[in-house]
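K.L.:
Fold the following.
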Amino acid sequence: MNEMSGAAPAAASENLTGARIVAGLIDFVVIVVLGVIMTVLFGDTETDDGSFELSLSGAPFFIYVLLSFAYYFVLENNRGQTLGKMAMGLKVVSTAGPMTPGKIAIRTLLRIVDGFAFYLVAVIAIAVSKEHQRIGDMAAGTNVVRV
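P.N.:
Model prediction:
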């Protein structure tokens, strides 16, 4: 990879669907842990006969959503990798031109679409698209490669 431009190497079209799913599951665990911490600190918790319920609403929920998006944006903008991608040896790169915060922002915001049905939309897009990209990657001009 050209470090200055952030352009993807020729291997960008390698099918990394399985590695991306595992990376996504690791990131999901991080986001769930964040949610539990936020709920314990600012939400409602109830226990009843061995079961428990967590509830987060209002401003704390809004802050949780912002922190969740920030997790992806900050790590991918600064390192090109979330914790899941680091663990799996993957990195986000630009397919054309330099990597920019705008590309990462587009990619991050489109997680809303890619995330439908527990990221099934993303998995299908990655599996069937020519360059193995999710919708956020296609729109942002990015891809995920092995490092």
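K.L.:
Poorly predicted segments of the chain, please.
P.N.:
1-12 (pLDDT under 70).
K.L.:
What ranges does it have for its helices?
P.N.:
Applying DSSP state H to the chain gives helices spanning 17-42, 58-78, 83-88, 101-109, 111-114, 116-128, 135-140.
K.L.:
mind listing what the residue most central in space within the chain touches?
P.N.:
Most central in the chain under CA atoms, centre = their mean is residue 72, positioned 5.2 Å from the mean C-alpha point. Residue 72 makes contact with 27, 82, 107-108, 111 under the criterion CB atoms under 8 Å, 6 or more residues apart in numbering. C-beta here means a position set from N, CA and C on the backbone, and glycine is covered the same way.
K.L.:
returning to what we had before: if you compare the helices of the chain, which one is most tucked away?
P.N.:
helix 135-140 (a mean of 21; mean count of other CB atoms under 10 Å).
K.L.:
and that helix, what other elements does it pack with?
P.N.:
Packing contacts for helix 135-140, counted by 3 or more CB pairs under 8 Å, 6 or more residues apart in numbering; DSSP states H and E, involve helix 101-109, helix 111-114, helix 116-128, strand 142-146.
K.L.:
got a list of contacts for that helix?
P.N.:
Taking CB under 8 Å, 6+ apart as the rule, helix 135-140 contacts 95, 103-104, 106-111, 113-114, 121-122, 125, 129, 131, 142-144.
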